[in-house]
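Enquirer: Structure here, sequence nowhere to be found:
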């Protein structure tokens, strides 16, 4: 027995109401941020910036992201009114939303939109970005996020040409979130019909590998097919890849692009090819032999850089003829076997760039260890409650909800919630964000969850290899204490009179980083044990953090900042250096009460 979609919606809405009650911000923005997190986990979205662009209810976007490397603009439209019960999404509602997003693209590229907007608003930055980079943007991904349920006959996605831009419409309704939650893998398998997309299949050979081996196919794929697949499905093709695409910055990627542009006819000879997996492959016989016509759950586990490099070449001016660029492919059919098989194929196949253990992410022993600690370490009772609780480390996406659903009986479900309150769930990216705020340069946190996480796990991997015993229960309690300070700082910033809304994540990151920097300069560390024992942050510490937060906010919004875009300024190392210098010059005076929360240390701090 599992949750019905109606029960899932009620639970989802209650979660959102809890967030809305504890944080300052628009309910719609809370909803959209939650959905985009799921989209990021699915590989369908990357970074985003809220913008609340609305011109006469005809031209509207609630968030956006412009990716010049891949020539893409992502636009988001949110439908959220906290409806008391699950409703059906009408076709006219989704049609109206997509029409509004199309108008953003059209009016932005034509140049009329940004002239109607205030230059200080995020909506202006979106409109101006569309106009300034109109020649570079070749793809527009239009996302409609709705708390309602899409009708059974309505299309979830479609693509078309929008004034020279390849537009892709995608609906993320409540049923899609529901399916991701109840899915074992937490992701939607790709169904690729090659005959429908390309009017042809992939000619292949099927080697005889014996009776116990996984079925496999060898094929030669043209560059235009791979580029088109990436254009349509983006990072969803690479969900099982052990690393994110490194963009065209490394030596390997630059070499790939140079070969594509200058020696495309030799690409097959120079390139190692791609390794892919699938749950199911459909083949047909033709006059030329066997051809693959349909692939279920197609995943490129090695060759992501090759694939994205081909796509990037396809959107350049004077792009090469990719139909004459060929790549070899090994496709293994793993069926419904667990994802450990896919992970091993991915790990062993990746050889073009060095693959560290840090690339393994969820399966890294550090994360397994943290998961184990979170299941056995009880946290002190807090807030007047007579019962102890546990913090839940979600090593795998959707793990908390999955475990909750396993507790099908009402009593068992209530016991699970009592032992693991939803407010005490934290993820790998949450941990990476908080740890980097305290221990590393805050710029990593401001570069986005994925880049920050890569830096964090790379750092942890080195420390784990050096001394895995240091990641003990004391380390775990310290991490929770830091997380408590982080959550308290979020609420603190939202409640300040000087806070104007927006960029809270940036302010919080620099606030905590400043606290850590000041403490280290004084050879001190936060009394983590005290925070853990109380499961709360003292008022004196909050007073000091409020002063630091005001300082960080002013620096982020200073008139003499290096770049006008606050989000971009937050990513610059120059901002962090400026903050450290100003604090060192005693421009900031913290109360003695603030330092009561810190204690002298002579060695790396632990609880």
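Expert: Cool, got the structure. The structure displayed is predicted, hence computed values, not measured ones.

Enquirer: From residue 49, how far out is the closest residue to residue 41 other than its chain neighbours?
Expert: Of all residues not flanking residue 41 in the chain, residue 397 sits nearest, at 5.0 Å (C-beta to C-beta, 6 or more residues apart in numbering). C-beta coordinates here come from the backbone N, C-alpha and C atoms, glycine included. Distance of residue 397 to residue 49, given as C-beta to C-beta, to the nearest Å: 23 Å.

Enquirer: More neighbours: the two, which one.
Expert: Taking neighbours as other C-beta atoms under 10 Å, residue 397 and residue 49 compare with residue 397 leading, 21 against 17.

Enquirer: Mind telling me what element the more buried one is part of?
Expert: For residue 397, there is no enclosing helix or strand under DSSP states H and E.

Enquirer: show me where the stretch 201-350 of the chain has helices.
Expert: Secondary structure of the stretch 201-350 of the chain (DSSP state H, counting those that start in this stretch): helices located at 223-233, 251-262, 267-270, 304-314, 339-349.

Enquirer: Adding mean neighbour count, write the ones you listed out as a markdown table.
Expert: Formatted as a markdown table, the helices of the stretch 201-350 of the chain follow (neighbours: other C-beta atoms under 10 Å):
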| stretch | mean neighbour count |
| --- | --- |
| helix 223-233 | 21 |
| helix 251-262 | 16 |
| helix 267-270 | 14 |
| helix 304-314 | 25 |
| helix 339-349 | 17 |
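
Enquirer: looking at these, which is closest to residue 564?
Expert: helix 304-314 (27.7 Å; C-beta to C-beta).

Enquirer: Check which helices and strands the closest one is in contact with.
Expert: helix 223-233, helix 251-262 (3 or more C-beta pairs under 8 Å, 6 or more residues apart in numbering; DSSP states H and E).

Enquirer: Can you check which of these gets nearest to residue 312?
Expert: Here helix 251-262 is closest among the helices and strands packed on helix 304-314 (C-beta to C-beta), at 6.9 Å.

Enquirer: In terms of helix, strand or coil, where does residue 563 fall?
Expert: Following DSSP: H, G, I helix; E, B strand; the rest coil, the label given to residue 563 is coil.

Enquirer: and residue 562, what pLDDT?
Expert: Turning to residue 562, the model gives it a pLDDT of 85.

Enquirer: And for it, the neighbour number?
Expert: 11.

Enquirer: give the contact list for it.
Expert: By C-beta atoms under 8 Å, 6 or more residues apart in numbering, the contact set of residue 562 is 569, 572, 574-575.

Enquirer: could you redo the last one with a cut-off of 7 Å?
Expert: Contact analysis of residue 562 by C-beta atoms under 7 Å, 6 or more residues apart in numbering lists 569, 572, 574.

Enquirer: between those, which is nearest residue 217?
Expert: residue 572 (47.8 Å).

Enquirer: that older thread, just the contacts of residue 562: which are in strands?
Expert: Among the contacts of residue 562, no residue falls in strands (DSSP state E).

Enquirer: re the thing from before, same list (the helices and strands packed on helix 304-314) but as a markdown table, adding mean pLDDT.
Expert: Shown next, in a markdown table, are the helices and strands packed on helix 304-314 (pLDDT from 0 to 100):
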| stretch | mean pLDDT |
| --- | --- |
| helix 223-233 | 92 |
| helix 251-262 | 74 |
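
Enquirer: export the ones you listed to TSV and tack on distance to residue 454?
Expert: Shown next, in TSV, are the helices and strands packed on helix 304-314 (distance: least, C-beta to C-beta, whole Å):
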stretch	distance to residue 454
helix 223-233	21
helix 251-262	16
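
Enquirer: who wins for proximity to residue 496 among the ones you listed?
Expert: helix 223-233 (42.6 Å).

Enquirer: Give me the residues contacting that closest one.
Expert: With contact meaning C-beta under 7 Å, 6+ apart, helix 223-233 is reached by 139, 159, 166, 168, 190, 198, 237, 307-308, 310-311, 314, 322-323, 325, 327.

Enquirer: switch the cut-off to 8 Å
Expert: Counting by C-beta under 8 Å, 6+ apart, 139, 159, 166, 168, 190, 192, 197-198, 202, 237, 260, 264, 267, 274, 306-308, 310-311, 313-314, 322-327 sit against helix 223-233.

Enquirer: What separation is there between the closest residue in space to residue 470 that isn't next to it in sequence and residue 289?
Expert: Spatial nearest neighbour of residue 470, chain neighbours left out: residue 463 (7.1 Å); criterion: C-beta to C-beta, 6+ apart. As for residue 463, its distance to residue 289 is 53 Å (criterion: C-beta to C-beta).

Enquirer: What of residue 99?
Expert: The value you get for residue 99 to residue 289, if C-beta to C-beta is used, is 46 Å.

Enquirer: before we move on, the earlier item: who wins for neighbours among the contacts of residue 562?
Expert: Ranking these using other C-beta under 10 Å puts residue 569 first, with 20 neighbours.

Enquirer: list the contacts for it?
Expert: Neighbouring residues of residue 569 by C-beta under 8 Å, 6+ apart: 556, 561-563, 575.

Enquirer: These into JSON lines, with extra columns for distance to residue 416?
Expert: Formatted as JSON lines, these follow (distance: C-beta to C-beta, whole Å):
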{"residue": "556", "distance to residue 416": "41"}
{"residue": "561", "distance to residue 416": "47"}
{"residue": "562", "distance to residue 416": "49"}
{"residue": "563", "distance to residue 416": "47"}
{"residue": "575", "distance to residue 416": "43"}
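
Enquirer: Now a PyMOL select for only the buried ones of those residues.
Expert: Selecting the buried subset of these in PyMOL, with 16 or more other C-beta atoms under 10 Å as the burial test, is done by:
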select buried, resi 556+561+575
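
Enquirer: re earlier: local confidence estimate at the residue nearest to residue 470?
Expert: 92.

Enquirer: Name the residues of the helix or strand hosting it that are buried.
Expert: Secondary structure from DSSP H and E places residue 463 in helix 449-466. Within helix 449-466, the residues that count as buried by 16+ other C-beta under 10 Å are 449, 451-457, 459-461, 464.
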